[in-house]
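Chemist: okay, here's the prediction I keep looking at, along with the sequence it came from:
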Amino acid sequence: MENGLSDSGYYPAEHFISKSMDSDAPIFLTGFARSGTTWVNHLFRDYFDAGFVNEGQFIVSFGLHLHRYENLKEPGNHRRLMRDLAKDRFFSILRRNYAIEIDWGRVGAVKPEFPAIVREVLRQIAEGLGKHRIGSKYPVFGRYMDLMNTLFPDCRVVHVIRDGRDCALSHKRMTWGHQNTYSAAVHWRDYLRTLRSSAEKLPGRYLEIRYEDLLLNPESTMQILEHFVTGTHQDFATRRFLEKRGSLKPDKVGQWRRAMSPHSQAVFEAVAGDTLREYGYSLIGEKHYLSSLSRAGCIIHDRVSREAWHWARKIVPKIPEHKPWS
């Protein structure tokens, strides 16, 4: 074992278990986009009494720019933050998709500090869903884990990991996703490296689970997740989850073997082979290193394509996130 990691690349189970399971401590669910975080978010709601909704981007976007509001103990600064928060797109989506209306009077009555404000918002969301555990799911949390840990030093983090080659295939089917294998590999590799580095500052408050393990080894993986979330070994949630194991779709594991060309597999492995191995994923043993010109072309193609899809969906809102032909 090296640096706290087991030989397979995972943190051992005892590394995951928090000594304090304060229900008011937020849990942040994150993972590279298309890693299964939306499904795991549903599991949290269904089995762990968690009132999470998707994409809590306001926490990061406002957290990064708190300097604009200076001292929140000054009433004028506090009112300005509250006004800007209330106008954020997250809350209109919250009303539309979940029929939850935030009571800003209650929010304004808490301690004039951003973390306290966020906790009250998350508490009201959980109440609106009839749940008690607070938190949020957002892939971008993983890129700003140092910020999240500074704002919420008692938070816990669940990181859902999926084979980057399956993520790459899924991205290409999305209008907002990375549009070529090289770009997807670079971003997947860098995301995991950044998050694991930040996780060293969250001893006992960070858990990695693999999407594939939830599908192929549901009992042991759900037990680890349940222990991390609840602090108990009673396995109530695990037993309920296993009652519905027939709905699991293990065929989603390793789709890259069938749907990704040998050339693309070799490109991905050249970029992120070490990271695949570190997280326990098998390798094909073939690497194709792109030239500098080809790498630049992939980067430009990815950026231009994603920007074009962004503006297309702005102009024609009915265009779905999934590409119509995918």
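Modeler: On my side now, so go ahead.

Chemist: any idea of the mean pLDDT for stretch 114-133?
Modeler: Average pLDDT, stretch 114-133: 96.

Chemist: repeat that for stretch 87-95.
Modeler: 94.

Chemist: got the CA positions of that stretch in CSV?
Modeler: The C-alpha trace of stretch 87-95 is given here as CSV (Å, rounded to 0.1, in the frame of the first residue of the first chain):
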residue,chain,number,x,y,z
LYS,A,87,-32.2,35.8,-9.9
ASP,A,88,-29.8,32.9,-10.7
ARG,A,89,-31.0,30.4,-13.3
PHE,A,90,-30.7,27.5,-10.9
PHE,A,91,-33.8,28.7,-9.0
SER,A,92,-36.0,29.1,-12.0
ILE,A,93,-35.1,25.5,-13.0
LEU,A,94,-35.8,24.4,-9.4
ARG,A,95,-39.3,25.9,-9.7
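
Chemist: pLDDT below threshold where in this protein?
Modeler: The model of the chain has pLDDT under 70 over residues 1-23, 324-326.

Chemist: what's the longest helix in it?
Modeler: Identified as the longest helix of the chain according to DSSP state H is helix 292-315.

Chemist: contacts for that one next, please.
Modeler: 175, 176, 177, 178, 179, 180, 182, 183, 290, 319, 321 (C-beta atoms under 8 Å, 6 or more residues apart in numbering). All C-beta atoms are positioned from the backbone trio N, CA, C, and that covers glycine.

Chemist: what's the answer for stretch 255-262, then?
Modeler: 163, 165, 166, 168, 169, 181, 265, 268, 284, 286.

Chemist: nearest to residue 66 among those residues?
Modeler: Proximity of the contacts of stretch 255-262 to residue 66 was ranked by C-beta to C-beta; the top entry is residue 168 with 35.0 Å.

Chemist: I'd say the closest one and residue 188 touch.
Modeler: Yes. Residue 168 is within contact range of residue 188, at 7.1 Å (criterion: C-beta atoms under 8 Å).

Chemist: tell me how many other residues crowd the residue nearest to residue 175 when sequence neighbours are not counted.
Modeler: Distance criterion C-beta to C-beta, 6 or more residues apart in numbering; nearest residue to residue 175, sequence neighbours excluded, is residue 309 at 3.9 Å. Here the count is done by other C-beta atoms under 10 Å, and residue 309 has 18 residues near it.

Chemist: tell me the spacing between residue 309 and residue 138.
Modeler: 21 Å (C-beta to C-beta, to the nearest Å).

Chemist: what's the burial count for residue 129?
Modeler: Under the neighbour criterion other C-beta under 10 Å, residue 129 is assigned a count of 16.

Chemist: from residue 141, how far off is the residue lying closest to it once chain neighbours are set aside?
Modeler: Nearest non-adjacent residue to residue 129, counting by C-beta to C-beta, 6+ apart: residue 51, 4.2 Å away. From residue 51 across to residue 141, the span is 17 Å (C-beta to C-beta).

Chemist: repeat for residue 292
Modeler: Look at residue 292 and residue 141: by C-beta to C-beta, they are 33 Å apart.

Chemist: fine by me, we can end here.
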